[in-house]
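> attaching a predicted model along with its sequence, questions to come.
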Amino acid sequence: MPRGVRTGAGAMMPATPIPYRLRWRPGGARAGAHPGGGEGGDGVFLRHRPLWQHPDPRRIDLRETARDPMGQVQVRSFARRTAVAVVAVVDLSGSMGFAGRVARMESVAALCATLAVSAGKMGDRFGLVGCDAGVREDIFIPPTHRRGVESDAWARLLGAMPQGSSAQGLLEMADRLPARRSLVVLISDFLLPLDLVASVFDRLWRHDVLPVLLRDGGEEADLPGWGLVALRDLETGRRRLAVMRPGLRAAWHQAALAHRAALDHLFRRHGRAPFILTDGFDPDALAEHLAAG
């Protein structure tokens, strides 16, 4: 029976691995699927070198040797294939508990289960770090090859109960990451102060960070133009009534657009466009985003 994740209204779907490639050549000696920074093994072809520089007769290229003007015997050298860690870092502050057109944490659980299965398929380790005011020990899985880690991550995230007004744990989680460069998938609605987001990226300078921005199409589209609207602050739990009118609705919309534009600038300044996850997790869309680099 295929391993799976629960999405949407509770239907099971297989956690199908998706391909991904790194934007850098990792170091380290752990064998994997990614072209590494050193030479050796049967990885990706790098270049030809004289036999005296790379004394491996098994790699002699007769055609290149015949073309060499100095008559030197040429051998093929390859980059060894290396493994890395893939770590999902999840914001668990109160706003992540939002359930509009879809339950936000169900999308996060499906995403992380897919990342775990994909990492295992590539020979990489998968880890999970959940953060609210601090690092959540119940949502912490050190990078591992353990079989079934995708089911563990999925179950923990569905039971995570995001709460509170702080995501300061995102500043602490860098200490839980591997010392060697890793692929870090930073998952949040990013309804956070911009200076906090910038500080998080600064702390992650060693790693390749893929931001995943969660949105719900109903947050703005379903707001009425007129009438009383019952609001609940997911960070504090407080409830209040607001008199909605076109001017207020437009002001909220403009504020949201300005925040998104500032986030996009920050993400791109740190070298990576965000993957925007709207109204549920689409593994094909993530695969396309990763393939585009």
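Structure received.

> report the central residue of the chain.
Nearest to the mean C-alpha position of the chain, by CA atoms, centre = their mean, lies V185 at 2.0 Å.

> does that one touch L210 like I think?
Yes: under the criterion of CB atoms under 8 Å, V185 makes contact with L210 at 5.0 Å. For glycine as for every other residue, the C-beta is placed from the backbone atoms N, C-alpha and C.

> can you tell me the helix or strand for the residue nearest to the centre of the chain?
strand 183-188 (DSSP states H and E).

> just how off-centre is that strand within its chain?
What separates the centre of strand 183-188 from the centre of its chain is 3 Å, taken as CA atoms, centre = their mean, to the nearest Å.

> so which elements touch that strand?
strand 85-91, helix 104-122, strand 208-215 (3 or more CB pairs under 8 Å, 6 or more residues apart in numbering; DSSP states H and E).

> could you export these as TSV, including distance to T144?
As requested, the helices and strands packed on strand 183-188 are arranged in TSV below (distance: least, CB to CB, whole Å):
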stretch	distance to T144
strand 85-91	9
helix 104-122	9
strand 208-215	20
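
> got these as CSV, with mean neighbour count, distance to P143 and mean pLDDT columns?
Below are these laid out as CSV (neighbours: other CB atoms under 10 Å; distance: least, CB to CB, whole Å; pLDDT from 0 to 100):
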stretch, mean neighbour count, distance to P143, mean pLDDT
strand 85-91, 26, 4, 97
helix 104-122, 25, 9, 94
strand 208-215, 21, 15, 94
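
> any idea how many residues pack against the residue nearest to H289 when sequence neighbours are not counted?
Leaving aside its sequence neighbours, H289 sits nearest to F275 (CB to CB, 6 or more residues apart in numbering; 4.6 Å). If you count neighbours by other CB atoms under 10 Å, F275 ends up with 19.

> hmm, who's touching stretch 169-180?
Residues outside stretch 169-180 that contact it (CB atoms under 8 Å, 6 or more residues apart in numbering) are 26-28, 84-85, 87, 89, 91-92, 127, 129, 131-136, 140, 142-143, 184, 188, 196, 199-200, 203-204, 206-207.

> which PyMOL command selects the buried ones in the residues you listed?
Here is the PyMOL command that selects the buried residues among the contacts of stretch 169-180 (16 or more other CB atoms under 10 Å):
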select buried, resi 26+28+84+85+87+89+91+92+127+129+131+132+135+136+143+184+188+200+203+204+207
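
> can you list the low-confidence ranges for the protein?
Within the chain, the ranges that satisfy pLDDT under 70 run 1-14, 24-44, 217-245, 247-249, 252, 293.

> now the strands for it?
4-7, 11-14, 31-50, 74-82, 85-91, 125-131, 135-144, 183-188, 208-215, 227-232, 239-244, 275-278 (DSSP state E).

> coming back round to it: any idea how far the residue nearest to the centre of the chain is from Q72?
From V185 over to Q72 the distance is 46 Å, taken as CB to CB, to the nearest Å.

> domain assignment for this protein?
With domains defined by automatic domain parsing, the chain comprises 31-82, 84-291.

> any idea which of the ones you listed is most buried?
domain 84-291 (a mean of 18; mean count of other CB atoms under 10 Å).

> restrict stretch 90-108 to CA atoms and write it as CSV.
Output of stretch 90-108 as CSV, limited to C-alpha atoms (Å, rounded to 0.1, in the frame of the first residue of the first chain):
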residue,chain,number,x,y,z
VAL,A,90,7.7,25.8,9.7
ASP,A,91,6.3,28.9,11.2
LEU,A,92,3.7,27.8,13.9
SER,A,93,2.6,31.3,15.1
GLY,A,94,-1.1,31.8,15.5
SER,A,95,-1.9,33.0,12.0
MET,A,96,-0.8,29.6,10.6
GLY,A,97,-3.9,28.1,12.2
PHE,A,98,-6.1,29.9,9.7
ALA,A,99,-8.7,27.6,8.0
GLY,A,100,-10.4,29.4,5.1
ARG,A,101,-10.9,27.7,1.8
VAL,A,102,-8.5,25.0,3.0
ALA,A,103,-6.9,24.3,6.4
ARG,A,104,-3.5,25.9,6.3
MET,A,105,-1.8,23.2,8.3
GLU,A,106,-3.1,20.4,6.1
SER,A,107,-1.3,22.0,3.2
VAL,A,108,1.8,22.3,5.3
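
> I figured P17 was touching A116, is that so?
No: with contact defined as CB under 8 Å, P17 does not reach A116; the gap is 9.5 Å.

> reformat the domains of the chain as JSON lines; add distance to L22.
JSON lines is the format used below for those (distance: least, CB to CB, whole Å):
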{"stretch": "domain 31-82", "distance to L22": "5"}
{"stretch": "domain 84-291", "distance to L22": "7"}
